[in-house]
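J.: Got a predicted structure plus its sequence, pasted below:
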Amino acid sequence: MNEYRQIKLNIILVTFFTLCFSLFPNNSQADVLRMPDMLTSEELPGLPQNGLTQQQVRQQHGSPLKEHPAIGDPPITRWDYQDYSVFFENKLVITAVQKPEPGT
């Protein structure tokens, strides 16, 4: 008889929690980040390659139009050129990306 009561209690609990979760809708939401198609230094010849130093990038590509200050730990720096941006961790290139064309 005790086993019957346990089964009955389990059925009641499952039914109760199923009703509770179905009555209160899940309001969680997520933002969708849409990134324009961008080519990286691995896909596009001519962009600074991973592992180059800041000095090598400056020698090969000239001075950037804008040097953004380093942020984070390890420090990440971005240099903007006319058609692409170069990202550094400490003083080494970690990636370079071509800027998207306007309207994309």
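T.: Nice, I can see it.
J.: so residue 81 touches residue 65, yeah?
T.: Yes. With contacts counted by Cβ atoms under 8 Å, residue 81 reaches residue 65, the gap being 6.1 Å. For glycine as for every other residue, the C-beta is placed from the backbone atoms N, C-alpha and C.
J.: Between the two, point out the one with more neighbours.
T.: Legend: neighbour count by other Cβ atoms under 10 Å for residue 81 and residue 65, higher for residue 81 (19 against 10).
J.: buried set for stretch 75-82?
T.: With burial defined by 16 or more other Cβ atoms under 10 Å, the residues of stretch 75-82 counted as buried are 77-79, 81.
J.: Kindly apply the preceding question to stretch 3-16 instead.
T.: Buried-residue list, stretch 3-16, by 16+ other Cβ under 10 Å: empty.
J.: rewinding a little: with the buried residues of stretch 75-82 in mind, which one is nearest to residue 89?
T.: The nearest member of those to residue 89, counting by Cβ to Cβ, is residue 77 at 8.1 Å.
J.: if we look at stretch 54-74, which residues are touching it?
T.: By Cβ atoms under 8 Å, 6 or more residues apart in numbering, the residues outside stretch 54-74 that reach it are 48, 52, 76-82, 86, 88-93.
J.: Farthest-apart pair in those, please.
T.: Largest separation among the contacts of stretch 54-74 by Cβ to Cβ: 82 and 90, giving 25.0 Å.
J.: mind listing the helices in the protein by residue range?
T.: 2-23, 54-61 (DSSP state H).
J.: Go through the ones you listed and find the least confident stretch.
T.: Sorting these by mean pLDDT places helix 2-23 lowest, at a mean of 70.
J.: before we move on, the earlier item: in strands, which of the contacts of stretch 54-74 fall?
T.: 76-80, 86, 88-89, 92-93 (DSSP state E).
J.: Need these in CSV (columns: pLDDT and distance to residue 56).
T.: Formatted as CSV, these follow (pLDDT from 0 to 100; distance: Cβ to Cβ, whole Å):
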residue, pLDDT, distance to residue 56
76, 94, 18
77, 95, 14
78, 96, 17
79, 97, 12
80, 96, 18
86, 94, 11
88, 96, 11
89, 95, 15
92, 96, 9
93, 95, 8
